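Q: Sequence first, then the predicted structure, then my questions.
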Amino acid sequence: MTTAPPTQHATTPRATAPDAPGAPPRAAGTDVPTLSLRGVSKRFPTGTTALTGVDLDVTPGEFVSVVGPSGCGKSTLLRLASGLDGVTGGEIDVAATTTSYVFQDATLLEWRSALKNVELAGELRGVPRSERRAAAQAALDLVGLTGFEKQHPRQLSGGMRMRVSIARALVAEPDLALFDEPFGALDEITRLRMQTELQRLFELKRFAGLFITHSVSEAVYLSTRVVVMSGRPGRIVDEVEVPWAYPRPPELRYDPEFASLTGRVSAALGEHS
Amino acid sequence: MSSLDVERAAGATTDTAPTAPAPATGTDLVGPTPGTARPADAPDRVSRTGAALRVLRDKVLPVVAALAGLVAIWYAVTYLLLDADRRFLLPPPHDVVGNTVTNANVMDPMLDALGQSVAVALVGLVVAVAIGMGWAVLMSQWGFVEKVLYPYAVILQTVPILALTPLIGIWMGYGFNARIVVCVIIAVFPMISNTLFGLQSASQEAHDLFTLNKASRAQRLLKLQFPAAVPAIFTGLRNAAGLSVIGTIVGDFFFQQGSPGIGSLLRVYTLRLNMDPLFMAIILTALFGVAVFSVFAALDRAVVGRWYGTRRR
C-alpha cells in the first residue's frame, strides 16, 4: 500500500466545455481530436429526446468516461459515435482509421473458439488467415488468455468472455475504442480486476477511449477525464480531469485524493439526476 | 431499434458507491489462470465395465421395460378382454410374429413395400429440407419476402393434408412423385419455421458487430445468421424426419399405383381383415418411424454439443 500516485496535482478546477461555442470544429495542430461531437442531439422516432447539445472531444491518448443516471442516453452517445445510429442534430467527426466497440455483453459467437472470435473482424475485412491468426493470438496473450484459444464461450467464465471481447476490440489496433459499460454485468471482484487490466492495456496501446459506465469509481480509476451527464434528455453537465499517470495501481482507489475526485463526480451526478 | 434504447444497463446498478468493494457474490472470481479453468472434457476415470453397466441401466433397461409392458398389455387384452370368437380382432403377439416372419409369401412383399416407403420418406425429407431452408433464408433476408411467403407456410401447415391428397393424385398421377409431394407438404413446415427462427436468433449486438466491421449481406448470412441457426435447424430436421414418415404412409394409403409402399399394404390388409400381417405391418411402420426419429435426435445432440464446444445437453 506504499505506492503513491505518481503525480499529486490538485485537481483542475471545474472544467468548462472544451471549446467555446462557435470555435472551429477541428483545431489545427497536433491534437486533432479522434472523436469530436459538436452540438449533437438525438431524438428517436418515438419522440423521446435522448441527447441534446452534446459537445465532446476525445483526443489521441485520452480515455474519457461518461457517467450518468440510468436512461440519460450514454449508450445512445456511443452508438452515435460508432456510426451505428445517425444524429438528428449537430455533427460528429471521427478521425480514426479503425474504431472498435466493446458491448455491454461480451457478444461472442458461441460456435467459435476464443481465437476464432478474435479473428472475426479480420476475417470480415479480408485479412489473410495467417496474419489474422497471429494477431488474434497476440491479442489473447495480451489479455491473459494464453492457453484458452480453443475454448468456446460457454466454457469460459464471465470475466474471461469479456477478456475475449476486449481482445477482439484491440486486435485491429484501433485509434478509437468505444466501451459500452463492458463490466456492468460482472461481479465486483472480477470487475476490479478487469479495470486494472484495461488501464494497463490503455497504457500499452494509447488509443482514444470513450467508456460508458454507471460506476463513478470505475470512471475515475480508468480515465484521464470523467464527463458527467444529466438525466434525460442527456447533456454534459460537468467534466473532471483525473491527474494520475498510468499504470495506476489498484491501491489508488484508497487514496484520499481518489475519494475526493469520486466525491466531486458523485456530487455532480446528484445535482443533475 | 429496441436494444439501442438508453436503458440498457439493467442489473448494473449496484456500484455507484465510490469506495469499498462489495462483498463477493458470484463464483466467477477466477481470473484467467490456465490451471484453474474448467477442463474442456475431463476424461471419465471410471472403469469401462462400470460405464457399460450404467448405460445398460439408464438407456437400455427403460426401453426393454416399456416394450415388455406393451407386450404384456397386448396379451392381457387378447386373452382376458376378448372372447375366443372375437380374438381375431387382436391376435396374440406370438401368432402375429409366427404367422408372418416365417412366411416368405407375406414377409417378402411387406419388406419390399417398406423399402419403397423408406425411399419415399428419405427423398421427401431431403426435398423438404432443401425447400424449407431455402424458403427460410429468403424470408430472413428481406422483410417483404417474409410477409409474402409466410402465409403460404402457414397454409401448408393448416390445410388438412387429407383434403389435398386426392387432388395431388389427380394432378400428378398416383405413383412415386405424388407420394413425395405429399411427404414434402407434411414435412416442410418445421424446417421453414425452425430455420427462420434460428436465422433470426442472433442478438442485435452481434448484428451491430457485423455492421461495424462492414460485413456484406452474404458474410452476415454465412458467418452469423446461419451458424446461429444450426441448433434450430437440427431441431427442425428431427421433427421433419418424423413427419416425413407420416407423409409417406399417408401418400401410400391414397396412391395405390406402381410398387406399393407399406401404407398401401396396410390398406389392403385392412380391407381383407388380414389381421396377422396387418399387425406386423403396423409394427414395422412404427419401428421405421422410431428409427428415423432416433437417428435424427442422436444427430441433433451430437452436432449441437460439438457446435458449442460442450458435450452436455
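A: Looks like it came in fine.
Q: Apart from its neighbours in sequence, what residue is nearest residue B:209?
A: Nearest residue to residue B:209, sequence neighbours excluded (Cβ to Cβ, 6 or more residues apart in numbering or on different chains): residue A:107, at 5.9 Å. Glycine gets a C-beta too; all of them are placed from N, C-alpha and C.
Q: for that neighbour, helix, strand, or coil?
A: Each residue gets one of three states, and residue A:107 gets coil by DSSP: H, G, I helix; E, B strand; the rest coil.
Q: Let me see the contact set for it.
A: A:165, B:203, B:205, B:206, B:209 (Cβ atoms under 8 Å, 6 or more residues apart in numbering or on different chains).
Q: Chain neighbours aside, what residue packs nearest to the first one?
A: Leaving aside its chain neighbours, residue A:165 sits nearest to residue A:106 (4.1 Å; criterion: Cβ to Cβ, 6+ apart).
Q: Return the backbone torsion pair for the one you found.
A: phi -60, psi -30 (degrees, to the nearest 10).
Q: what's the nearest residue to residue 161 if we skip its chain neighbours?
A: Here I'm looking at chain A. Excluding the flanking residues, the one nearest residue A:161 by Cβ to Cβ, 6+ apart is residue A:106, at 3.9 Å.
Q: Can you look at chain B instead?
A: Per Cβ to Cβ, 6+ apart, closest to residue B:161 is residue B:186, 5.6 Å.
Q: Report the buried residues of the helix or strand harbouring that neighbour.
A: Secondary structure assignment for residue B:186, by DSSP states H and E: helix B:176-199. Across helix B:176-199, burial judged by 16 or more other Cβ atoms under 10 Å in any protein chain shown covers B:176, B:178-199.
Q: What pLDDT does the model give the residue nearest to residue A:165?
A: pLDDT, residue A:106: 90.
Q: ok so, going back, most widely separated two among the contacts of residue A:107?
A: Farthest-apart pair in the contacts of residue A:107 is A:165 and B:203; separation 13.1 Å (Cβ to Cβ).
Q: So for these two, which sits in the more crowded spot?
A: Taking other Cβ atoms under 10 Å in any protein chain shown, residue A:165 and residue B:203 do not tie; residue A:165 has more neighbours (25 against 14).
Q: so what's the more buried one up against?
A: A:102, A:103, A:106, A:107, A:108, A:182 are the contacts of residue A:165 under Cβ under 8 Å, 6+ apart.
Q: Out of the contacts of residue A:107, list just those in helices.
A: For the contacts of residue A:107, the ones inside helices are A:165, B:205, B:206, B:209, with DSSP state H as the criterion.
Q: Residue A:41: which of these is nearest?
A: Closest approach to residue A:41 among the ones in helices among the contacts of residue A:107 (Cβ to Cβ): residue B:205, at 24.4 Å.
Q: tell me the phi and psi of the nearest residue to residue B:307 once chain neighbours are set aside?
A: In space, and not counting its chain neighbours, residue B:307 is closest to residue A:111: 5.1 Å by Cβ to Cβ, 6+ apart. Torsion angles at residue A:111 (phi, psi; degrees, to the nearest 10) stand at phi -90, psi 0.
Q: how deep is residue A:111 tucked in, by neighbour count?
A: Neighbours around residue A:111, by other Cβ under 10 Å: 19.
Q: State whether it and residue B:225 are indeed in contact, as I suppose.
A: No: with contact defined as Cβ atoms under 8 Å, residue A:111 does not reach residue B:225; the gap is 11.9 Å.
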